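Enquirer: Sharing a model that was predicted from the sequence below.
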Amino acid sequence: MTQSTHGSPHRLHAAIIMDGNGRWALARGLPRLAGHRAGAAALTRTVEAAPDLGIGVLTLFAFSSDNWRRPPAEVAGLMQLLAEHLRSETGRAVENGVHMEVIGRRDRLGGELAAAIAEAESATAAGARLHLRIAVDYSGRDAIAEAVRQAAHAGLVCRECLEEQLGPPVDLLIRTGGEQRLSDFLLWECAYAELIFSRRMWPDFDALDLEAAVRQFHARQRRFGGVPAAPLSPDLPGHGPGHQRNGAVVTGAWLD
Ligand code: FPP
C-alpha cells in the first residue's frame, strides 16, 4: 500500500491484460478453450490474492471488442465460460467482499451472459474489500468516445467529467504472455500507469507473480511529470531485476 498525499493509505488500481491462454494450450496439445478455462482459474487465484497486496481496484481484460474477429466457436466458448464463471464465483465474491462489475458494451452480448452479469453485479454490490472490474466487449477508444458523447449530452465536456465516467486512474498495468502493447485497454486511465510485463502465459500466473509485480511497482519512482526531491544521476535505467540509482531501485519493464 502507498500513502496518499493526505496520509491515508491509497489502495492500488491494478489492471491486467491476461494474454497467453492460446499459446499455453497449444504447447500442451490442447484446444484453445482449455487455455481459457485454465485462464479462468488463474483469474480466481489473482482475485483472491489482490486485496492483501494493497489492491483495491482490479480491472481485467477478458474480451476485447476486437476479439469478435476470432473463430465463432472460440467466441461462443469464451462467452459461455464468462457466464459460468460469473455464476460460480458470485457466492465466493459475496463472502470475500468482492464487488463485481462488468465494463464494456452490453448490447452485443447474448441473453445468458447479460443475465449472469446483472445477477453477479447486484448480488455483490455491497462488497467493499475489492472492486473487481471485468472488461467484456471493451475498447478503450470506444469508452473514451462514449464518455465524450455523454458529457456533451450533459452540456459539459471537461477532464473531470470524463475521468468520472471512465473510472479511476490505473497505478500498475500488468501484461502476461510476453508481448509489450496496450491493445486498446484503459487508454485514458493508463496515462501514468507503471507498465509491467511478464513472459509467463496467463494460465501460469499466480499469487507470487502478482506480489512480485506489486513489489516492482513500489520500487519505481513515480514523478507524474514533476521532478524528484533529489536530482537523478544521468545513467539509463537497466533491464532486468533492477539496479540502484541515487539510492532508488530502478527496474526494467520485465517481471521475469
Ligand atoms: C488472451 O489470450 C486471452 C483472452 C482473449 C481471453 C481472456 C480470458 C480469460 C482469462 C478466461 C475467461 C475469463 C473469465 C472472466 C472467466 P489469447 O487467447 O490471445 O492467447 P494467445 O495470445 O496465446 O493466443
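Expert: Received it, and whenever you're ready, just let me know what you need.

Enquirer: so is whichever residue of the stretch 1-150 of the chain sits closest to the ligand in a helix, a strand, or just coil?
Expert: Residue nearest to the ligand within the stretch 1-150 of the chain (Cβ to the nearest ligand atom): Gly22, separated by 2.5 Å. In this view, the C-beta of every residue, glycine as well, is placed from N, C-alpha and C. Secondary structure state of Gly22, per DSSP: H, G, I helix; E, B strand; the rest coil, is helix.

Enquirer: ok, it - how many residues close by?
Expert: By the criterion of other Cβ atoms under 10 Å, Gly22 has 21 neighbours.

Enquirer: Pull the contacting residues for it.
Expert: Each residue near Gly22 by Cβ atoms under 8 Å, 6 or more residues apart in numbering is listed here: Arg32, Gly35.

Enquirer: Which pLDDT does the model give it?
Expert: Looking at Gly22, its pLDDT is 98.

Enquirer: Which residues of this protein lie near the ligand?
Expert: 18-23, 36, 39-40, 43, 62, 67, 81-82, 85, 134, 177, 202 (Cβ under 6 Å from any ligand atom).

Enquirer: What ranges does the stretch 101-250 of the chain have for its helices?
Expert: Counting by DSSP state H, counting those that start in this stretch, the stretch 101-250 of the chain has helices at residues 111-123, 140-154, 159-166, 207-219.

Enquirer: what's near enough to touch the closest residue in space to Ala212 that isn't next to it in sequence?
Expert: Leaving aside its sequence neighbours, Ala212 sits nearest to Leu255 (Cβ to Cβ, 6 or more residues apart in numbering; 5.8 Å). For Leu255, the contact set (Cβ under 8 Å, 6+ apart) comprises Ile174, Ile196, Phe197, Ser198, Arg199, Arg200, Asp209, Ala212, Ala213, Gln216.

Enquirer: taking the residues of the chain next to the ligand one by one, which sit in strands?
Expert: Of the positions in these, Ala62, Ile134 sit in strands, assigned by DSSP state E.

Enquirer: which helix in this structure runs the most residues?
Expert: Looking across the chain with DSSP state H, the single longest helix is helix 72-95.

Enquirer: send the alpha carbons of that one over as PDB?
Expert: Extracted in PDB, the C-alpha atoms of helix 72-95 (Å, rounded to 0.1, in the frame of the first residue of the first chain):
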ATOM      1  CA  PRO A  72     -17.100 -18.300 -33.800                       C
ATOM      2  CA  ALA A  73     -16.600 -21.400 -31.800                       C
ATOM      3  CA  GLU A  74     -13.900 -19.700 -29.700                       C
ATOM      4  CA  VAL A  75     -16.100 -16.600 -29.200                       C
ATOM      5  CA  ALA A  76     -19.100 -18.800 -28.100                       C
ATOM      6  CA  GLY A  77     -16.900 -20.800 -25.800                       C
ATOM      7  CA  LEU A  78     -15.400 -17.700 -24.200                       C
ATOM      8  CA  MET A  79     -18.900 -16.200 -23.700                       C
ATOM      9  CA  GLN A  80     -20.200 -19.400 -22.100                       C
ATOM     10  CA  LEU A  81     -17.100 -19.600 -19.900                       C
ATOM     11  CA  LEU A  82     -17.600 -16.000 -18.700                       C
ATOM     12  CA  ALA A  83     -21.300 -16.600 -17.900                       C
ATOM     13  CA  GLU A  84     -20.300 -19.800 -16.000                       C
ATOM     14  CA  HIS A  85     -17.500 -18.100 -14.200                       C
ATOM     15  CA  LEU A  86     -19.700 -15.200 -13.000                       C
ATOM     16  CA  ARG A  87     -22.300 -17.700 -11.700                       C
ATOM     17  CA  SER A  88     -19.900 -20.000 -10.000                       C
ATOM     18  CA  GLU A  89     -17.800 -17.100  -8.400                       C
ATOM     19  CA  THR A  90     -20.700 -14.900  -7.100                       C
ATOM     20  CA  GLY A  91     -21.100 -16.800  -3.800                       C
ATOM     21  CA  ARG A  92     -17.300 -16.600  -3.100                       C
ATOM     22  CA  ALA A  93     -17.300 -13.000  -4.100                       C
ATOM     23  CA  VAL A  94     -20.000 -12.100  -1.600                       C
ATOM     24  CA  GLU A  95     -18.200 -14.000   1.200                       C
END
